[in-house]
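Q: Let me see the structure of the following:
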Amino acid sequence: MKALRTLLLVSLAALGGPAISQQAPAIGDFPRPAEFPKEDPVLAAEYLARARAVAGDDLRADFIHRCITDARYRQRANALQFDGMLGPAKVFDQLYFVGQNAVSAWALDTPDGIIVFDALNNEAEARDILVPAMRQMGLDPARIRYVVITHSHGDHYGGAAWLRETYRARLVSSDLDWKAMDELRRDGGGPARFAPPPARDLTIADGEVLTLGGTRLQFFVTPGHSVGTVSTIFPVTDGGARHMVGFFGGFGAPRDPLQRYVHIASMNRFRQLAGAAGVDAMIANHPLQDGAFEKMELLRYRRPGDGNPFVIGRDRYDRYLQVQMLCSQLGLVRAGLNPERQAP
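A: So this is what the prediction gives:
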């Protein structure tokens with residue numbers, strides 16, 4: 001039997017078949033769920049129940065992702081958030097998804113040029129994913145006026161310098177995140193899979209408005225995911241019907257538990273701003289966070305009279321932010337910290 005198995009493996013290899021491991025990984029090498037030895041389990045159960053109640057049925061998947069999967073077994077979340085092609089999509093009359101499965105990029109078209117949000121992992125992805133996606137959607141990348149870097153992590157600034165060099169686009173970020181990128185560049189540029197951070201260009205301040213081609217975008221500095229994460233609210237239309245997009249610049253929980261206080265405060269502030277602005281549509285900078293993969297599939301088969309799945313309504317957007325906040329407070333409980341403490 002052993003000789004037959006060896007012959008089969010050799011034959012498959014000769015035919016170009018898939019490699020078959022002869023030895024299963026050791027059980028001791030299996031990844032394990034996270035443990036939270038400092039948590040108060042009674043208080044944790046309370047926050048878990050509160051988040052679940054706010055989520056209801058329509059946000060159940062977001063509750064499970066943020067409160068359970070990402071916290072307890074991040075490998076499962078990473079298995080969904082892999083580098084992979086999705087293809088571009090027209091999400092609103094002037095807003096296009098031009099990213100990939102692991103990380104989003106968005107192109108907002110206006111009569112006076114295009115604003116791109118985030119630039120993927122590196123030059124190759126900007127050149128071979130983002131730009132071809134724009135062209136496939138009928139957008140000329142030479143019309144890119146601004147590239148907004150939502151936060152100072154390599155999967156968002158990676159292709160920004162190349163877009164500036166190739167199309168003379170101006171790069172936009174907050175002062176705090178420009179400083180973080182300056183420091184990364186001085187220290188050697190961060191992880192090898194990312195391009196070095198771009199040199200400082202335009203700085204956007206909290207509350208500042210950028211108007212291009214009649215489209216008014218208001219920016220806010222919402223620290224937590226990074227020291228100077230940038231979030232945006234702007235109008236779009238869907239078949240001529242007006243909607244307001246809320247784009248919070250970084251939902252992922254900070255690695256430092258103490259930074260969760262800042263993150264929670266930023267999400268709560270953005271919740272108030274979004275409510276005042278009438279935000280009823282949501283995008284994010286990772287498809288796993290806004291369900292872009294599933295929603296773009298629904299758009300692909302959209303029938304006359306069907307709603308736009310990215311339009312979730314004011315109440316649901318507000319509850320989405322509440323769920324994110326409650327799950328982050330649950331993370332504080334699991335770290336043995338007081339979830340009701342105010343941000344320093």
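Q: Tell me the neighbouring strands of the longest strand along the chain, and mark each as parallel or antiparallel.
A: When the chain is parsed with DSSP state E, its longest strand is strand 230-238. Strand 230-238 pairs in its sheet with strand 215-221 (antiparallel), strand 241-247 (antiparallel), by DSSP bridges.
Q: From the chain's centroid, how far away is it?
A: Distance of strand 230-238 from its chain centroid, counting by Cα atoms, centre = their mean, to the nearest Å, is 15 Å.
Q: same check, this time on stretch 110-119
A: Counting by Cα atoms, centre = their mean, stretch 110-119 comes out at 18 Å from the chain centroid.
Q: That stretch - what's its average pLDDT?
A: The average of the pLDDT scores along stretch 110-119 is 98.
Q: And stretch 165-184, by the same measure?
A: For stretch 165-184, the per-residue pLDDT averages 97.
Q: residues of it that come out buried?
A: By neighbour count with 16 or more other Cβ atoms under 10 Å, stretch 165-184 contains the buried residues 166-167, 169, 171-174, 176-178, 180-181, 184. C-betas here are computed from N, CA, C, even on glycine.
Q: Output the strands paired with strand 230-238 as JSON lines; include the columns mean neighbour count.
A: Listed next are those as JSON lines, based on neighbours: other Cβ atoms under 10 Å:
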{"stretch": "strand 215-221", "mean neighbour count": "19"}
{"stretch": "strand 241-247", "mean neighbour count": "20"}
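Q: closest one to Ala44 among those?
A: Relative to Ala44, the nearest member of those by Cβ to Cβ is strand 241-247, separated by 28.7 Å.
Q: Following the closest one in sequence, what is the next regular element?
A: helix 259-277 (DSSP states H and E).
Q: and that following helix with strand 230-238, angle?
A: 30 degrees (axes from the mean of the first three to the mean of the last three Cα atoms, to 10 degrees).
Q: Tell me the helix or strand right after helix 259-277.
A: Assignment by DSSP H and E places the next element after helix 259-277 at strand 281-282.
Q: following that following strand, which helix or strand shows up next?
A: helix 287-290.
Q: In the longest strand of the chain, which of the residues would be classed as buried?
A: Applying 16+ other Cβ under 10 Å to strand 230-238 flags Val230, Ser231, Thr232, Ile233, Phe234, Pro235, Val236, Asp238 as buried.
Q: This protein: helices as residue ranges?
A: 2-14, 41-55, 60-63, 70-72, 74-80, 123-125, 131-136, 154-157, 160-167, 175-186, 259-277, 287-290, 292-300, 314-334 (DSSP state H).
Q: Looking at the ones you listed, which one is packed in the most?
A: Most buried of the helices of the chain by mean neighbour count (mean count of other Cβ atoms under 10 Å) is helix 154-157; its value is a mean of 26.
Q: what does that helix contact?
A: The contact list for helix 154-157, computed with Cβ atoms under 8 Å, 6 or more residues apart in numbering, reads 102-103, 118-122, 149-150, 173, 181, 190-191, 193-195, 197-198, 285.
Q: now the residues you listed: which count as buried?
A: 102-103, 118-122, 149-150, 173, 181, 190, 194-195, 197-198, 285.
Q: returning to what we had before: can you put the strands paired with strand 230-238 in JSON lines and add mean pLDDT and distance to Pro141?
A: JSON lines is the format used below for those (pLDDT from 0 to 100; distance: least, Cβ to Cβ, whole Å):
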{"stretch": "strand 215-221", "mean pLDDT": "98", "distance to Pro141": "18"}
{"stretch": "strand 241-247", "mean pLDDT": "98", "distance to Pro141": "21"}
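Q: Save the ones you listed as CSV, and put in distance to Asp57 too.
A: Shown next, in CSV, are the strands paired with strand 230-238 (distance: least, Cβ to Cβ, whole Å):
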stretch, distance to Asp57
strand 215-221, 30
strand 241-247, 22
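Q: Arg255: which of these is closest?
A: strand 215-221 (20.0 Å).
Q: Tell me which of the strands paired with strand 230-238 sits nearest to Phe63.
A: Short answer: strand 241-247, nearest of the strands paired with strand 230-238 by Cβ to Cβ, at 18.5 Å.
Q: Centre of the chain to the closest one, how far?
A: 18 Å.
Q: Any chance you could list what contacts it?
A: 92, 95, 106, 117, 150, 231-237, 270, 274, 277-285, 308, 311, 317.
Q: at 7 Å what do you get?
A: 117, 231-237, 274, 277-283, 311, 317 (Cβ atoms under 7 Å, 6 or more residues apart in numbering).
Q: What of stretch 71-81?
A: Pro31, Pro33, Ala34, His65, Thr69, Asp70, Ala102, His286, Leu288, Gly331.
Q: remind me which residues of the stretch 1-150 of the chain are low pLDDT?
A: The stretch 1-150 of the chain contains residues with pLDDT under 70 at 1-22.
Q: Give me the phi and psi for Thr150.
A: phi -70, psi -30 (degrees, to the nearest 10).
Q: Look up how far Arg303 lies from it.
A: The spacing between Thr150 and Arg303, counted by Cβ to Cβ, to the nearest Å, is 33 Å.
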